[in-house]
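*Asks:* heads up, no residue letters with this:
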């Protein structure tokens, strides 16, 4: 976890003092402490029980599933009794030797490497423009940019799907009229058409996060810079950008996690674009492995791999940007 | 006072902002125009302008009554999942975050770290295993299958802890205890009230999160009576090839579902802003 972004509040009792705190406890547990523990348990346990059911149990179950396979004892492996047998890493090997799964991974990585920087750059530019003294109509523009965040991914994909598909799309019609053969859904373009949907949806949200951090910067800092003769560009480049770094890190990490989960957009566009196959993204692959291929064990292995890669990438990014810099 | 920026800058800024606004608003504009069209007009007329005989009311009524009003049912389901889910998630997060902030107990930091890890785990990576788990418990394809995972919000706990640590003074709690108030009562009457801004944020986040969630209901539900709106609409687009009138219904249905959320989004913009700062700046 990054120190700047998701840093935790100081514990009420710093850890170093724990031994001293224990001494009175070992003598006689005070009434307040027992009362504290009881109350705290009452408050935390409902959440904790459901957290265990919906976060910890599925992870444990997925790991277990991914290490087992289904075996049938009947003749020719048909019918008969089904039972689970330990499979070692066979399911992982199966997933990792599946070209389409790996291609899907490569595809979302390429997607992220292009789309995330573009989106963050766009969000930063819009945030800086809206917060600059030269902007007019700030409330209107801010709302207009944020509006797409209120459109669920599925609806956004349906919407853009209509704007992509020849026959309905006015964009394709306009391109046709000026003699441009525009195809949003071809093998080469469809990934970037999806990138456009994601950018459209989330730029405004990221922009709001950045604006929030810009507003947290004391106004005097800008005043001082201006009095020192700094231009608007210099203020943006040397004061504002470094100050919104934590928010940039935060939005990037959440974008990385979001990109790896890419699912709704390709799923919705699939009927329109033959270039989207069932392994287009890792998530789509795991989904069809589970529900079309009926292979829960491989699907579980793929889900585990997906979560691992997401962890590695987001922690890796946090290290990369936070590396060697004590910011407190 | 600072001098006003030169006209040149103001013109450049205004034009860039306008171009961006066009990009973000055009699809919404298209949706509004298209909601007034029949399937034939969707294909036959220019998408960015109205047809000769716009009939928005009739078309939207068609959407609502098609297939014995299944759309209304989906809308109700979405409201149920997102409404109940978000209320429960907010209360659970508030209680947990409050305890993690205000009661020193053993294992507290371990719990908090697990919660933080939960924030970073991709939700869809959990959905498949959760489905396997729930179907082995006989819970899949029920309302519970979507509701139960929706009430758990690690991000909410994180936010509530940060907020409670700053907004609920220890001295106030001590005073209430000395006056003989029980912990549950202190929480309900005092702390919840002091935490209200954070609770509004958690509620909104979770509401939109559940409303927008597609993967979880997709894997959990097979009975179309239980579908939330998103899932229902994609089932329509799946059949539109064979039954072209569904194009029109999909567009109308998308329009009806988007409008309330966009209004909510615009009205509640400032809550989002304050909520997000809590996570990144205040800590």
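*Replies:* Yep, it's here. Source: prediction; values computed, not measured. Residues are numbered from 1 along each chain as shown, chains lettered A, B, ... in the order given.
*Asks:* and the residue of chain B that's closest to chain A?
*Replies:* residue B:47 (3.1 Å; CB to the nearest CB). No exception for glycine: its C-beta is placed from N, CA and C like everyone else's.
*Asks:* next, that residue: secondary structure please.
*Replies:* Look at residue B:47: counting by DSSP: H, G, I helix; E, B strand; the rest coil, its state is coil.
*Asks:* who touches it in this structure?
*Replies:* A:162, A:163, A:168, A:169, A:170, A:171, A:173, B:30, B:33, B:34 (CB atoms under 8 Å, 6 or more residues apart in numbering or on different chains).
*Asks:* phi and psi next, for it.
*Replies:* Main-chain torsions, residue B:47, degrees, to the nearest 10: phi -60, psi -30.
*Asks:* list buried members of the contacts of residue B:47 by neighbour count.
*Replies:* A:162, A:163, A:168, A:169, A:170, A:171, B:30, B:33, B:34 (16 or more other CB atoms under 10 Å in any protein chain shown).
*Asks:* closest one of these to residue B:145?
*Replies:* residue A:162 (30.8 Å; CB to CB).
*Asks:* so what's the residue count around residue B:61?
*Replies:* 12 (other CB atoms under 10 Å in any protein chain shown).
*Asks:* may I have the phi/psi pair for it?
*Replies:* Phi and psi for residue B:61, reported as degrees, to the nearest 10, are phi -60, psi -40.
*Asks:* need the per-residue pLDDT for residue B:214.
*Replies:* With respect to pLDDT, residue B:214 has a value of 92.
*Asks:* ditto for residue A:219
*Replies:* So, for residue A:219, pLDDT stands at 79.
*Asks:* got it, and residue B:40?
*Replies:* pLDDT, read off for residue B:40, is 79.
*Asks:* what helix or strand is it on?
*Replies:* Element membership for residue B:40 (DSSP states H and E) is helix B:39-44.
*Asks:* just give the nearest non-adjacent residue to the residue in chain A positioned nearest to chain B, would you?
*Replies:* At 3.1 Å from chain B, residue A:170 is the closest residue in chain A, using CB to the nearest CB. What sits nearest to residue A:170 in space, not counting adjacent residues and going by CB to CB, 6 or more residues apart in numbering or on different chains, is residue B:47, at 3.1 Å.
*Asks:* before we move on, the earlier item: just the buried ones among the contacts of residue B:47: which are in helices?
*Replies:* Among the buried ones among the contacts of residue B:47, DSSP state H puts A:162, A:163, A:170, A:171, B:30, B:33, B:34 in helices.
*Asks:* mind giving me the packing neighbours of the biggest helix by length in chain A?
*Replies:* Criterion DSSP H: the longest helix present in chain A is helix A:99-131. Helices and strands touching helix A:99-131, by 3 or more CB pairs under 8 Å, 6 or more residues apart in numbering or on different chains; DSSP states H and E, are helix A:138-146, helix A:190-216, helix A:245-260, helix A:282-291, helix B:7-34.
*Asks:* got the contact list for the fourth one?
*Replies:* In this case it means helix A:282-291. Contacts for helix A:282-291 (CB under 8 Å, 6+ apart): A:98, A:100-101, A:104-105, A:108, A:260-263, A:266-267, A:278-279, A:295-296, A:298-299, A:302-303, A:305-306, B:124, B:128, B:131, B:215, B:218-219.
*Asks:* and stretch A:213-220, how far from the chain's centre?
*Replies:* For stretch A:213-220, the separation from the chain centroid amounts to 27 Å (computed by CA atoms, centre = their mean, to the nearest Å).
*Asks:* endpoints of it, how far apart?
*Replies:* End-to-end distance of stretch A:213-220 (CA to CA, to the nearest Å): 15 Å.
*Asks:* list the buried residues of that stretch.
*Replies:* Neighbour-count burial for stretch A:213-220 [16+ other CB under 10 Å]: A:213, A:214.
*Asks:* again with stretch B:128-147
*Replies:* B:128, B:129, B:130, B:131, B:132, B:133, B:134, B:139, B:140, B:141, B:145, B:146.
*Asks:* related to what we said a few turns ago, need the worst-confidence member of the buried ones among the contacts of residue B:47.
*Replies:* residue A:168 (83).
*Asks:* thought that residue was touching residue B:45?
*Replies:* No. The criterion here is CB atoms under 8 Å, and residue A:168 misses it with residue B:45 at 10.0 Å.
*Asks:* which helix or which strand is home to residue A:71?
*Replies:* Assigned by DSSP H and E, residue A:71 falls in strand A:68-72.
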